[in-house]
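Colleague: Okay, predicted coordinates and the sequence, questions at the end:
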Amino acid sequence: MAQFVASAVDPRQFPAPTVPEIAFLGRSNVGKSSLINALANAKIAKTSNTPGRTQTINFFELRQPAKTHAEFCFVDLPGYGYARVPKNLSTQWWRFIDPYLKSRSSLALCVTLVDASIPAQKLDIQLLGWLRHHQRPYLVVATKADRISPSQLRKSLADLACALEVSATDITAFSAKSRLGHAALWRAIRAAAGIGVAGSSHSQAVDSD
Ligand code: GDP
């Protein structure tokens with residue numbers, strides 16, 4: 001079960017860091033809200049065709065139906081790069097995100113989304129460089145994988161891995177539409193949060209990859 005906890009524009013509004021947190025990052029329109037909703041099996045994140053609307057950090061608890069306590073939290077970070085010609089991750093975006101990404105003690109994993117159907121973007125390369133530099137745990141998810149053929153997808157994953165300087169096996173292809181990659185991503189999330197896979201109700205409905 002997924003439940004909204006808090007919307008923050010400032011670290012003082014962050015909830016207490018009591019459970020492992022999985023943060024979701026990516027350029028505006030990359031499919032972040034769709035992915036979060038697909039994983040949670042509920043419409044918790046707002047999808048929109050207007051890029052760059054979410055400028056708050058949103059926290060959602062996930063817990064098993066029978067349990068009273070949350071197992072972990074999903075954290076939806078604002079999308080970046082919606083300016084017309086974005087050359088760098090904007091100072092404003094960094095000022096907003098930095099206190100969370102750098103200092104959050106409960107941050108267990110940064111799920112970094114890139115679009116499977118287009119080449120790696122400079123801002124994605126910058127973000128991954130930053131995460132590596134600051135030794136934040138991350139994995140890369142290539143979204144909208146249903147938009148291209150399986151052979152194009154294989155090539156795209158190899159090209160993305162090369163540009164982003166990660167191993168091709170470290171990129172999970174994902175589709176909110178076909179559910180490709182759901183089970184693999186849930187496994188990675190549960191492992192990062194230190195939760196066993198057996199008995200997971202969050203991942204029960206996902207087995208199509
Ligand atoms: P966000 O801005 O990163 O939160 O992106 P959204 O989740 O709002 O998605 C942006 C657009 O991409 C919407 O029109 C979605 O319908 C579309 N989209 C998102 N995920 C997928 C996917 O897996 N497959 C396809 N074909 N379209 C997707």
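Modeller: Okay, I see it.
Colleague: I'd say Cys110 and Arg136 touch.
Modeller: Yes: when contacts are counted by C-beta atoms under 8 Å, Cys110 is listed as touching Arg136 (5.4 Å). (Each C-beta comes from the backbone N, C-alpha and C, glycine too.)
Colleague: Counting neighbours, go ahead and name the busier of these two.
Modeller: Higher neighbour count among Cys110 and Arg136: Cys110, with 24 against 17, using other C-beta atoms under 10 Å.
Colleague: ok, the spatially closest residue to the more buried one that is not a sequence neighbour - how many residues close by?
Modeller: Sequence neighbours aside, Tyr138 is the residue nearest to Cys110 in space, at 4.1 Å (criterion: C-beta to C-beta, 6 or more residues apart in numbering). Taking other C-beta under 10 Å as the criterion, the count of residues near Tyr138 is 19.
Colleague: Give me the phi and psi for Tyr138.
Modeller: Note on Tyr138: its backbone torsions stand at phi -140, psi 160 [degrees, to the nearest 10].
Colleague: for Ala176, same thing?
Modeller: Main-chain dihedrals, Ala176, degrees, to the nearest 10: phi -70, psi -20.
Colleague: Ala120 falls within a helix, correct?
Modeller: No: remark: Ala120 does not belong to a helix; assigned using DSSP: H, G, I helix; E, B strand; the rest coil, it is coil.
Colleague: For the closest residue to it other than its chain neighbours, identify the helix or strand it belongs to.
Modeller: In this structure, Ala120 finds its nearest non-sequential neighbour in Ala163, 3.6 Å apart by C-beta to C-beta, 6+ apart. Secondary-structure assignment from DSSP states H and E places Ala163 in helix 150-164.
Colleague: roughly how far out does that helix sit from the chain middle?
Modeller: Helix 150-164 has its average C-alpha position 19 Å from the chain's average C-alpha position, going by C-alpha atoms, centre = their mean, to the nearest Å.
Colleague: What of stretch 105-112?
Modeller: 9 Å.
Colleague: tell me the mean pLDDT over it?
Modeller: Across stretch 105-112, the average pLDDT comes to 97.
Colleague: what sits up against the lowest-mean-pLDDT helix or strand in the chain?
Modeller: Least confident element among the helices and strands of the chain, by mean pLDDT, DSSP states H and E: helix 91-103 (a mean of 84). Contacts to helix 91-103, defined as C-beta atoms under 8 Å, 6 or more residues apart in numbering, come from residues 9, 11, 14, 23, 55, 57, 75, 77-78, 80, 107, 110, 131, 134, 136.
Colleague: Repeat the analysis, applying 7 Å as the threshold.
Modeller: Judged by C-beta atoms under 7 Å, 6 or more residues apart in numbering, the contacts made with helix 91-103 from elsewhere in the structure are Pro11, Ile57, Leu77, Pro78, Tyr80, His134, Arg136.
Colleague: Okay then, goodbye and thanks.
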